[in-house]
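Peer 1: This is a predicted model, with the sequence first.
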Amino acid sequence: MASANTPSFHRWNKLSIELVLKIVEASIDSTGPKSIIGLLTADKHAHSTIKNHECSIVKAVAARDQQKALTDFPGIAPDASGFTLRWLNTITARYQVAERLTEVLMKGSWDADSVSPAFLPNIRKFLECGFLLLYRLHDLVKSDGDKCAFIDQLPSSSLAPIIIVLFEARWARDAITPAFGKMPDILVNVVDDRDTQCQFHGAFALKHGCRWDQVLWIIMKTVDMGLWKMKPGDFDRLIAGTPVELFKNS
């Protein structure tokens, strides 16, 4: 039985779509999509009304807050009728994981004492690109052949952030696990996968024309000296797998 403080939703089906959109969007803004998913389970009247407008609600929120989701996560991009609250919850959680992992790595390797504060925003974006690309790998790769094809088609400028975040995540394991309660799914199958990491290094070395053992040094040098020149659109191209002039041989 609902408590005295529980709102009554029996009139939801009488509300205009505009008001439903405002109510649900406000709830998503304050507590996230997961709270609305819980409401769908708890109240049949709310379930019916929200479900009727779910696609419109999610499209509106995504267009406002998650404008890059379709290009950042093409492997789970919905069709025209597939904009669901569960999809919105998934992409919201992914961005949050990428941001939190980036903060852990920033605290461990880059801070205002070791890097010019002016460079920190671009370093943060570079690391986030690495985690978002790992999500693309997770979504698009179904077999070893798919994995090889995915890695081979990435330019060296997109391989670089992946290589860096995997390298840093191994060293930051003791900080990552307590922060999340466990190793996040995005890392659990790759952070200790020596074969996959060798593939990333090998592909970078081949594209860049360097030795395998020079890969990390070249990337770190670029992080230290070249990231300050990058613009927001360049980070979008990194995630999309479009060459960026970070490296001459991208």
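Peer 2: Structure's in. What do you need?
Peer 1: From now on I want contacts and neighbour counts done on CA atoms only, so please keep to that.
Peer 2: Noted.
Peer 1: Show me where the chain has its helices.
Peer 2: Counting by DSSP state H, the chain has helices at residues 17-31, 33-42, 44-65, 69-72, 85-109, 120-140, 144-153, 156-171, 173-180, 185-188, 194-208, 215-225, 232-240.
Peer 1: start to end distance for stretch 73-87?
Peer 2: Chord length of stretch 73-87, first to last residue, is 11 Å (CA to CA, to the nearest Å).
Peer 1: what comes up buried for that stretch?
Peer 2: By neighbour count on 16 or more other CA atoms under 10 Å, the buried set for stretch 73-87 is 73, 76, 83, 84, 85, 87.
Peer 1: would TSV of these with pLDDT and distance to residue 175 be doable?
Peer 2: Shown next, in TSV, are these (pLDDT from 0 to 100; distance: CA to CA, whole Å):
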residue	pLDDT	distance to residue 175
73	92	27
76	90	29
83	88	35
84	88	34
85	86	31
87	91	29
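Peer 1: Under the pLDDT cut-off, which ranges of the protein? List them.
Peer 2: Regions of the chain meeting the criterion pLDDT under 70 cover residues 1-15, 17, 20, 39-46, 110-115, 224, 247-250.
Peer 1: Please parse it into its domains.
Peer 2: Listed domain ranges for the chain are 12-65, 96-240 (source: automatic domain parsing).
Peer 1: Make a markdown table from those domains and add distance to residue 246 to it.
Peer 2: Shown next, in a markdown table, are the domains of the chain (distance: least, CA to CA, whole Å):
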| stretch | distance to residue 246 |
| --- | --- |
| domain 12-65 | 28 |
| domain 96-240 | 6 |
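Peer 1: how about a markdown table for these, with mean neighbour count added?
Peer 2: Shown next, in a markdown table, are these (neighbours: other CA atoms under 10 Å):
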| stretch | mean neighbour count |
| --- | --- |
| domain 12-65 | 16 |
| domain 96-240 | 17 |
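Peer 1: what sits against residue 219?
Peer 2: Residue 219 sits next to 160, 164 when contact means CA atoms under 8 Å, 6 or more residues apart in numbering.
Peer 1: State the distance from it to residue 167.
Peer 2: Residue 219 sits 11 Å away from residue 167, going by CA to CA.
Peer 1: for residue 199, same thing?
Peer 2: For residue 199, the distance to residue 167 - CA to CA - is 14 Å.
Peer 1: who touches both of these two?
Peer 2: Joint contacts of residue 199 and residue 167 (CA under 8 Å, 6+ apart) do not exist.
Peer 1: Now do the same contact list for residue 164.
Peer 2: With CA under 8 Å, 6+ apart, residue 164 has these contacts: 127, 130, 216, 219.
Peer 1: 7 Å instead, please
Peer 2: By CA atoms under 7 Å, 6 or more residues apart in numbering, the contact list for residue 164 is empty.
Peer 1: Also residue 147?
Peer 2: Per CA under 7 Å, 6+ apart, neighbours of residue 147: residue 141.
Peer 1: mind checking how far it is from residue 137?
Peer 2: Taking CA to CA as the measure, residue 147 falls 7 Å from residue 137.
Peer 1: ok so, going back, between which two of the buried residues of stretch 73-87 is the distance greatest?
Peer 2: The span of the buried residues of stretch 73-87, defined through CA to CA, is set by 73 and 85 at 15.7 Å.
Peer 1: Please name the spatially closest residue to residue 76 (chain neighbours excluded).
Peer 2: Nearest-residue entry for residue 76: residue 139, 6.9 Å, with adjacent residues in sequence omitted and distances by CA to CA, 6 or more residues apart in numbering.
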